[in-house]
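*Asks:* Here is a sequence with its predicted model. Questions after.
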Amino acid sequence: MQTPSTEPSNSAEFTTFMRAYQDMVFSTAARLTGDDAQAQDIAQDVFVKAYENFGHLRSSPAAGGWLKTVARNLTLNHLTRYRKRRRLFSELQSDGAEEESPGIDPVIPVPDTVLEDLSDDERRSVIDDGLRRLPEHQRLPLVLYHFEELSYEEIAAHLRISLAKVKTDIRRGRAALLPLFQSRGIAP
Amino acid sequence: MNEPDRDERLAQLLDRTLRGLPPRAAPSGLESRVFGELARRAALPWWRRSFAHWPALARTAFVIMCGALIGGVYLSSGWTVHSLHDSGALSNTAVREALALATATGELAVVFAHAIPSTWLYAGLTAGALLYAFLFGLGSAAYRTLYLMPQAGK
């Protein structure tokens, strides 16, 4: 295993590297966890791993992809451990029940555009707030699908749930976000 | 609008909106936290770091000690069984039968080991080592190309 040197020049190079990617790594973790404190812990772990592999990453054009993959995997591992620790099996049981009885989503007219009147910062704030409000079993597949660009099959494999449940949760997550966006002033 | 059309439109709408979203700014303290953690790890004595970071000499000594420990346990267990047998402590029938079975299995293994020509044995060990090296190299190459550079083409 290659251990990076701790020379000051290397630290400066790593600082530049970290500044280039820290927003992306933090965003990935924050959107998946819905919690800034946990996201900061995960981002720290990601960059410690990056430092250990800096010999490869410093010149790799795929460093961003590597960091994104590590951030996603560490976040999913963290959430799995966290869920086990807190014994949230009741939530999983209710998820299973939902899968078998799809229920009826509220029918809200879908607008042509959403949040387009807002600035980037405002739009990001509204969306991140909306994601935080979603239950974990809807937020995770939704973020993995729309932000991480994983397929339904990949999400099912990552989360170890059925394909049907992935689709149901994503559909319901979207349906839950829409009224929130509408309440924040989008043009219907 | 029917339900699948509505779902599809909503999916496209959110997809456009979410994928176009700029990343969130990382907290200003993240950088110092990372360097603090790196400094903390660097200050740890070598024996508290992961095995991969141990000095080569320590790693070699550890492996030799583990081998010696395994050998010691094997030899001492045989010695213990013989001592118990000699002292008559193994009077229980089930224990004696289990011991007889273990002894017979061991003797069978020894017979097989002696039946294999030494050339075959060395050839097998060499083939195993070569296969191990080949698979290790293949794994490293796959790790570098598939994991370290997963999106080089994007």
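*Replies:* Alright, I've got the coordinates.
*Asks:* what's the longest helix along chain A packed up against?
*Replies:* Ranked by residue count under DSSP state H, the longest helix found in chain A is helix A:8-33. On a contact count with 3 or more Cβ pairs under 8 Å, 6 or more residues apart in numbering or on different chains; DSSP states H and E, helix A:8-33 meets helix A:36-52, helix A:54-57, helix A:63-85, helix A:120-133, helix A:136-146, helix B:30-43. To be clear about C-beta, it is placed using only N, CA and C from the backbone, and glycine gets the same treatment.
*Asks:* Deepest-packed of these, please.
*Replies:* Burial among the helices and strands packed on helix A:8-33, expressed as mean neighbours by mean count of other Cβ atoms under 10 Å in any protein chain shown, is greatest for helix A:136-146, which shows a mean of 24.
*Asks:* Pick out the shakiest of the helices and strands packed on helix A:8-33, pLDDT-wise.
*Replies:* If you rank the helices and strands packed on helix A:8-33 by mean pLDDT, helix A:120-133 sits at the bottom with a mean of 81.
*Asks:* Let me see the ranges of the helices in chain B.
*Replies:* According to DSSP H, the helices that chain B contains are B:3-19, B:30-43, B:56-87, B:93-115, B:118-142.
*Asks:* how about TSV for those, with distance to residue A:179 added?
*Replies:* TSV is the format used below for those (distance: least, Cβ to Cβ, whole Å):
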stretch	distance to residue A:179
helix B:3-19	11
helix B:30-43	34
helix B:56-87	59
helix B:93-115	69
helix B:118-142	46
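*Asks:* now the ones you listed as JSON lines including distance to chain A?
*Replies:* Shown next, in JSON lines, are the helices of chain B (distance: least, Cβ to the nearest Cβ, whole Å):
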{"stretch": "helix B:3-19", "distance to chain A": "4"}
{"stretch": "helix B:30-43", "distance to chain A": "4"}
{"stretch": "helix B:56-87", "distance to chain A": "12"}
{"stretch": "helix B:93-115", "distance to chain A": "37"}
{"stretch": "helix B:118-142", "distance to chain A": "11"}
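*Asks:* returning to what we had before: Serialize the helices and strands packed on helix A:8-33 to TSV and add fields for distance to residue B:84.
*Replies:* Putting the helices and strands packed on helix A:8-33 into TSV (distance: least, Cβ to Cβ, whole Å) gives the following:
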stretch	distance to residue B:84
helix A:36-52	50
helix A:54-57	56
helix A:63-85	44
helix A:120-133	65
helix A:136-146	57
helix B:30-43	49
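*Asks:* Which residue does chain A have closest to chain B?
*Replies:* residue A:65 (3.2 Å; Cβ to the nearest Cβ).
*Asks:* Pull up the gap between that residue and residue A:28, please.
*Replies:* Counting by Cβ to Cβ, to the nearest Å, the separation of residue A:65 from residue A:28 is 12 Å.
*Asks:* mind showing which ranges of chain B have poor pLDDT?
*Replies:* Along chain B, the model assigns pLDDT under 70 to residues B:1-4, B:88-92, B:147-154.
*Asks:* among the helices of chain B, which is nearest residue A:144?
*Replies:* helix B:3-19 (11.5 Å; Cβ to Cβ).
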